[in-house]
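Undergrad: Provide a 3D model corresponding to the input given below.
(one chain, ligands or ions: 3)
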Amino acid sequence: MQELLDKINKEHLPRHIAIIMDGNGRWAKEKGEDRLFGHFHGVESVRNIVEGSAELGIEYLTLYAFSTENWDRPEYEVVGLMELLVSTIRKEVESLNKNNIRLHVIGDMSMLPAYAKNELDEALTITKNNTGLNLVMALSYSGRWELLNAVKNIAYEVKQGKLAVEAIDQDTLQRFLCTSGFPDPELMIRTSGEYRISNFLLYQLAYAELYFTNVRWPDFRKENLYEAILDYQGRERRFGKTGDQLQENQVVS
Ligand code: IPE
Ligand code: IPE
Ligand code: MG
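TA: Ligands and ions are numbered 1, 2, ... in the order given. Alright, predicted model coming up:
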């Protein structure tokens, strides 16, 4: 693990890493256990990856914990996940604080049961002055929900005469997203072998480097994160330009 860590160029870290934490259910099934057993073990990975990201000095870590579509799962699983969320936050908030980690939440909070919302609000308040890693939990979140919400709120401002249609630009749109104030993720990791975005950060991932691994989320640890970062550091990010243009810029700068 140390060897992998030493290979990482600390001057060229992604500022923002986003992760689709997938595969808890399959991990549990493969062990002959219930899906909730997988979610329970997934929490250990969250702890490990949050710690690893903070140690590296990553500024933003966004974790996709529950999608808008996940509300349609069997009721026992949804309830189990909500209870796990609340008990985890309750247990972890002190250590988040100790490690100077600030918690953020993105998603449709109006869908959450009151007890979960209250617990989250409390954790947000307790950690709000922390200046280290920004841990962004995507909860009851989907990219389409977020964009729809942004469009509605922009329309509302126009209707109220606060915003002129001609003045709407990309910055306006960014401002109305749940992630306003956060940089776009440079690296998006999805675990457990699925090659799709599943309604995650549809706008923000425009130029993210995508990294897929077969490792199931409950098995994902710091060394897997280091591997993903190393892979990212080997990519050529072009943003629409040609490879030659990028080389020229490097010579000049
Ligand atoms: C990811 O694991 C966690 C959530 C979506 C809440 P899954 O529960 O999707 O696990 P698989 O994909 O069924 O294995
Ligand atoms: C995406 O995983 C959502 C989260 C990890 C929270 P899903 O397991 O819900 O996605 P699909 O259904 O495989 O696309
Ligand atoms: Mg899944």
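Undergrad: wait, isn't Ala28 in contact with Glu77?
TA: No: the criterion here is CB atoms under 8 Å, and Ala28 misses it with Glu77 at 11.0 Å. Glycine gets a C-beta too; all of them are placed from N, C-alpha and C.
Undergrad: those two: which has the busier surroundings?
TA: Taking neighbours as other CB atoms under 10 Å, Ala28 and Glu77 compare with Ala28 leading, 21 against 15.
Undergrad: so the more buried one sits in a helix?
TA: Yes: according to DSSP: H, G, I helix; E, B strand; the rest coil, Ala28 belongs to a helix.
Undergrad: for it, what are its contacts?
TA: Asp34, Arg35, Leu36, Phe37, Gly38, His39, His41, Pro218 (CB atoms under 8 Å, 6 or more residues apart in numbering).
Undergrad: host element of Ile189?
TA: strand 187-190 (DSSP states H and E).
Undergrad: tell me which strands that strand pairs with, and in which orientation.
TA: strand 16-20 (parallel), strand 209-212 (parallel) (DSSP bridges).
Undergrad: so for the last one, mean pLDDT?
TA: Summarised as a single mean, pLDDT over strand 209-212 is 98.
Undergrad: how about Arg221, nearest residue that isn't a chain neighbour?
TA: What sits nearest to Arg221 in space, not counting adjacent residues and going by CB to CB, 6 or more residues apart in numbering, is Asn48, at 5.3 Å.
Undergrad: and the one you found, how many neighbours?
TA: Neighbours around Asn48, by other CB under 10 Å: 16.
Undergrad: how about Gln233?
TA: Counted with other CB under 10 Å, Gln233 comes out at 16.
Undergrad: which parts of stretch 211-222 are buried?
TA: Tyr211, Phe212, Thr213, Val215, Arg216, Trp217, Pro218, Asp219, Phe220, Lys222 (16 or more other CB atoms under 10 Å).
Undergrad: what's near enough to touch the fourth one?
TA: Read it as Val215. Here Val215 is in contact with Gly23, Thr191, Ser192, Asn224 (criterion: CB under 8 Å, 6+ apart).
Undergrad: which single residue of the stretch 1-150 of the chain ends up nearest ligand 1?
TA: Closest contact between the stretch 1-150 of the chain and ligand 1, by CB to the nearest ligand atom, is at Gly25 (2.8 Å).
Undergrad: in helices only, show me the contacts of Ala28.
TA: Arg35, Leu36, Phe37, Gly38, His39, His41 (DSSP state H).
Undergrad: which of those has the most neighbours?
TA: In terms of neighbours by other CB under 10 Å, those top out with His39 at 23 neighbours.
Undergrad: and the nearest residue to it once chain neighbours are set aside, how many residues sit next to it?
TA: Excluding the flanking residues, the one nearest His39 by CB to CB, 6+ apart is Asn24, at 4.8 Å. A count of nearby residues for Asn24, using other CB under 10 Å, gives 24.
Undergrad: and if you look at Ile106?
TA: When neighbours are counted by other CB under 10 Å, Ile106 comes out with 19.
Undergrad: where's Asp244, which helix or strand?
TA: helix 243-252.
Undergrad: show me what the closest residue to Val105 other than its chain neighbours is bridged to.
TA: With CB to CB, 6+ apart as the criterion, Val105 has its nearest non-adjacent residue at 5.1 Å, and that residue is Met137. As for beta bridges, Met137 partners with Leu63, Val105 under DSSP bridges.
Undergrad: tell me the pLDDT at Met137?
TA: 98.
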